[in-house]
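3D model of this:
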Amino acid sequence: MIGQIEEILSISQGGTFVLFTSFKLLNKAYEKLKEKLLNNHLLKQGDMPRYRLVEEFKKRKSSILFGTNTFWQGIDVPGKSLQCVIITKLPFAVPDDPIQEARMELLASQDIDPFRHYQVPRAIIMLKQGFGRLIRTKKDSGLVAILDPRIRTRFYGKWFFKSLPACKQTTNLKEVREFFSQIRDKKET
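Numbers count the residues shown, from 1 in each chain. Alright, predicted model coming up:
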């Protein structure tokens with residue numbers, strides 16, 4: 001996954017949110033990539049307050065922000081400052097959280113599949129919110145990269161895809177390069 005993040009970041013050249021589901025994974029990716037991304041302005045959740053991170057992100061087009069839950073929703077960066085969102089994993093809630101655990105146990109006691117009827121719908125809502133960070137106005141465009149292979153390999157992946165706005169889908173990095181090349185060409189004219 002870290003290799004995929006690096007490759008997409010080398011193509012986007014900044015203006016990117018990299019969204020994680022845990023601080024452990026965020027910190028691991030940040031540590032492995034910070035030396036390779038010296039031409040970018042790297043920002044990491046936890047280094048400063050959220051509002052300051054967003055302000056700093058907007059200042060430079062080379063910005064890359066590494067964030068967790070609070071950056072999946074409630075953050076508006078319209079326009080050209082944000083042109084790429086990388087979603088590292090499908091945002092399933094931690095199953096051993098006591099509140100989540102109690103809700104799932106209640107559903108199971110009622111013969112309702114907690115994964116299908118609770119965990120997946122909540123993860124879909126969160127994915128839609130993460131996806132929604134990219135398109136804030138009618139003029140916005142960009143790339144959302146979902147790196148979690150489960151979206152293509154598990155039975156519930158189709159539910160995630162159906163929940164997202166209609167858009168071009170690709171697994172071809174050549175197409176991603178062409179897309180960003182077109183964006184850069186539009187900026188120059």
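
can you map out the strands along the protein?
16-19, 41-44, 63-67, 84-87, 143-146 (DSSP state E).

A123: which of those strands is closest?
Nearest to A123 among those is strand 84-87 (11.1 Å), distances taken as Cβ to Cβ. For every residue, glycine as well, the C-beta is placed using N, CA and C.

helices or strands next to that closest one in the packing?
Counting by 3 or more Cβ pairs under 8 Å, 6 or more residues apart in numbering; DSSP states H and E, the packing neighbours recorded for strand 84-87 are helix 2-12, strand 16-19, helix 120-131, strand 143-146.

if we use 10 Å, what do you get?
Contacts defined by 3 or more Cβ pairs under 10 Å, 6 or more residues apart in numbering; DSSP states H and E place strand 84-87 against helix 2-12, strand 16-19, strand 63-67, helix 120-131, strand 143-146, helix 173-188.

just the CA trace of the first one, in CSV.
C-alpha atoms of helix 2-12 as CSV (Å, rounded to 0.1, in the frame of the first residue of the first chain):
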residue,chain,number,x,y,z
ILE,A,2,2.8,2.4,0.8
GLY,A,3,4.3,1.9,-2.6
GLN,A,4,0.9,2.6,-4.2
ILE,A,5,0.6,5.8,-2.2
GLU,A,6,4.1,6.9,-3.2
GLU,A,7,3.3,6.2,-6.9
ILE,A,8,0.1,8.2,-6.8
LEU,A,9,1.7,11.1,-4.9
SER,A,10,4.5,11.2,-7.5
ILE,A,11,1.8,11.6,-10.2
SER,A,12,-0.4,14.1,-8.3
